[in-house]
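Q: Build me a structure from this.
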Amino acid sequence: MGKYHGEELGDVEIAIVNGKGVMKTPYWESEFGRKNEDGKDMLIMLQFPYPGLMNFEVKKNNGNVTELVMIEDQMIVKYEYTLKKQ
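A: Prediction:
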């Protein structure tokens, strides 16, 4: 949870709303879920604009989240965007 900033998305807020994870950007808002993939703690978008297609790798330092790496995998091309914890 908390506020993050990324070059591509600007200011992003991640919160729990009515028991559900929600990501709010200046452009869209979506619920997300959690999963573990190859030993990595990941978040996955559940709604528009990337339902099931956008994953977020959670990066930690001493147990504290420092950044999220958004991974947009379009099969042919893979994009990664970094959101740093504010």
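
Q: buried sites along the worst-scoring helix or strand of the chain on mean pLDDT?
A: For the chain, counting by mean pLDDT, DSSP states H and E, strand 40-45 ranks last in confidence among helices and strands (a mean of 80). Residues 42, 43, 44, 45 are the ones in strand 40-45 that count as buried (16 or more other Cβ atoms under 10 Å). Where you see a C-beta, it was placed from the backbone N, CA and C, and this is true even at glycine.

Q: distance of residue 59 from residue 9?
A: For residue 59, the distance to residue 9 equals 16 Å [Cβ to Cβ, to the nearest Å].

Q: List the contacts of residue 83.
A: The neighbourhood of residue 83, defined by Cβ atoms under 8 Å, 6 or more residues apart in numbering, consists of 4, 5, 6, 9, 12, 56, 67, 68, 69, 70.

Q: let's see it at 10 Å
A: With contacts defined as Cβ atoms under 10 Å, 6 or more residues apart in numbering, the neighbours of residue 83 are 3-12, 14, 23, 25, 56, 59, 67-70.

Q: Now do the SS call for the most far-flung residue of the chain relative to its centre.
A: The outermost residue of the chain relative to its centre, with distances by Cα atoms, centre = their mean, is residue 76 at 21.0 Å. Secondary structure of residue 76, reduced to three states by DSSP: H, G, I helix; E, B strand; the rest coil: coil.

Q: backbone phi and psi for it, please?
A: For residue 76, the backbone dihedrals are phi -80, psi -40 (criterion: degrees, to the nearest 10).

Q: mind listing what the closest residue to residue 54 other than its chain neighbours touches?
A: Once flanking residues are discounted, residue 54 sits nearest to residue 45: 4.2 Å by Cβ to Cβ, 6 or more residues apart in numbering. When contacts are counted by Cβ under 10 Å, 6+ apart, residue 45 touches 23, 28, 30-33, 51-56, 70, 72.
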